[in-house]
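K.L.:
Have a look at this prediction, sequence included:
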Amino acid sequence: MSAPALVLIGPPGVGKSTVAAAVAERLGADLRDTDVDIEVALGKSISDVFVEDGEEAFRVAEAAAVDAALQHDGAVVCLGGGAVMTAAVDEGVSAAAARGARVVMLDVGIADAAKRIGFNQSRPLLAVNPRASWLAMMSERRPTYERLATDVVDTAGRSVEDVVAEVLAILGEGE
Ligand SMILES: Nc1ncnc2c1ncn2[C@@H]1O[C@H](COP(=O)(O)OP(=O)(O)O)[C@@H](O)[C@H]1O
Ligand SMILES: O=C(O)C1=C[C@@H](OP(=O)(O)O)[C@@H](O)[C@H](O)C1
Ligand SMILES: [Mg+2]
């Protein structure tokens, strides 16, 4: 049964896309960042999808992109922060874990998240009142992230390289 090697979940700005790219390179594995897959499939940026088509349309496209990525054997898969709140995605990630994928939650607090993403315009859900929105989003999502995760990596105050090394160790690919 095919399964990705790794599925990265966690809030926006925690470093999923950055860490996934580095881990995939180190493993020589295929990288599937589902936000990139959605942009290719719809031919526009995530921000434009939200503005022109709305969040509901984005979540439909996202569920399809995640479903395809979770069938990609041996891949390093990186989800958008809100993906697991869609029931089909939640079930798909659980099923991938049952087939052997490691599901790693990257965790972070508000202080580091704010520094990393600068709370700028590129994440449409955080465009208005970014700090309060991030905190509310995190309290709603945290139980789902923690339930799905086979492993949790705290990224607060750590370099990208440090986080990548811990994720590689979880995969049994230490230095
Ligand atoms: N451990 C880290 N320490 C400091 N900055 C980080 C760390 N991980 C990622 N970053 C930076 O945070 C920003 C957001 O990362 P990104 O990979 O886009 O997050 P996500 O995909 O989770 O939204 C990037 O500029 C990245 O370089
Ligand atoms: O948290 C969310 O709902 C979202 C997170 C984003 O991805 P990142 O988590 O990679 O920033 C992107 O999928 C979209 O803007 C919605
Ligand atoms: Mg990302």
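P.N.:
Ah, there it is. Ligands and ions are numbered 1, 2, ... in the order given.
K.L.:
Quick check: residues of the chain near ligand 1?
P.N.:
Counting by CB under 6 Å from any ligand atom, the chain comes close to ligand 1 at 12-18, 116-117, 155, 158-160, 163. C-beta coordinates here come from the backbone N, C-alpha and C atoms, glycine included.
K.L.:
From those residues, which land in helices?
P.N.:
Per DSSP state H, helices hold the following members of the residues of the chain next to ligand 1: 16-18, 116-117, 160, 163.
K.L.:
With respect to Ser133, which of those is nearest?
P.N.:
Nearest to Ser133, judged by CB to CB, of those is Ile117 at 11.8 Å.
K.L.:
Between its first and last residues, what's the separation in stretch 73-86?
P.N.:
Distance across stretch 73-86, first residue to last, is 22 Å (CA to CA, to the nearest Å).
K.L.:
So which bits of it are buried?
P.N.:
Neighbour counts using 16 or more other CB atoms under 10 Å place 75-84 of stretch 73-86 among the buried residues.
K.L.:
among these, which are in reach of ligand 2?
P.N.:
Near ligand 2, judged by CB under 6 Å from any ligand atom, the entries from the buried residues of stretch 73-86 are 80-82.
K.L.:
Filter those residues down to the ones in helices?
P.N.:
Among these, no member falls in helices (DSSP H).
K.L.:
Look through this structure and tell me its longest helix.
P.N.:
Max-length helix for the chain by DSSP H is helix 130-148.
K.L.:
what's in contact with that helix?
P.N.:
Residues lying outside helix 130-148 but in contact with it, judged by CB atoms under 8 Å, 6 or more residues apart in numbering, are 9-13, 81-82, 84-85, 90, 93-94, 97, 103, 105, 107, 110, 113-114, 119, 125-126, 152.
K.L.:
tell me the average confidence for it?
P.N.:
For helix 130-148, mean pLDDT is 92.
K.L.:
on that earlier part again, could you identify the buried members of the residues of the chain next to ligand 1?
P.N.:
Buried among the residues of the chain next to ligand 1 (16+ other CB under 10 Å): 12-18, 116-117, 155, 158, 163.
K.L.:
pLDDT check: weakest of the residues of the chain next to ligand 1?
P.N.:
Among the residues of the chain next to ligand 1, Ile117 carries the weakest pLDDT, at 69.
K.L.:
Which strand or helix spans the closest residue to Asp73 other than its chain neighbours?
P.N.:
Nearest non-adjacent residue to Asp73, counting by CB to CB, 6 or more residues apart in numbering: Ser2, 3.6 Å away. Following DSSP states H and E, there is no helix or strand that holds Ser2.
K.L.:
among the contacts of helix 130-148, which ones are buried?
P.N.:
9-13, 81-82, 84, 93, 97, 103, 105, 107, 113-114, 119, 125-126.
K.L.:
got a list of contacts for stretch 31-43?
P.N.:
Contacts for stretch 31-43 (CB under 8 Å, 6+ apart): 4, 17, 20-21, 24-25, 45-46, 49, 53, 58, 61-62, 64-66, 68-69, 72, 75-80, 83.
K.L.:
Okay then, goodbye and thanks.
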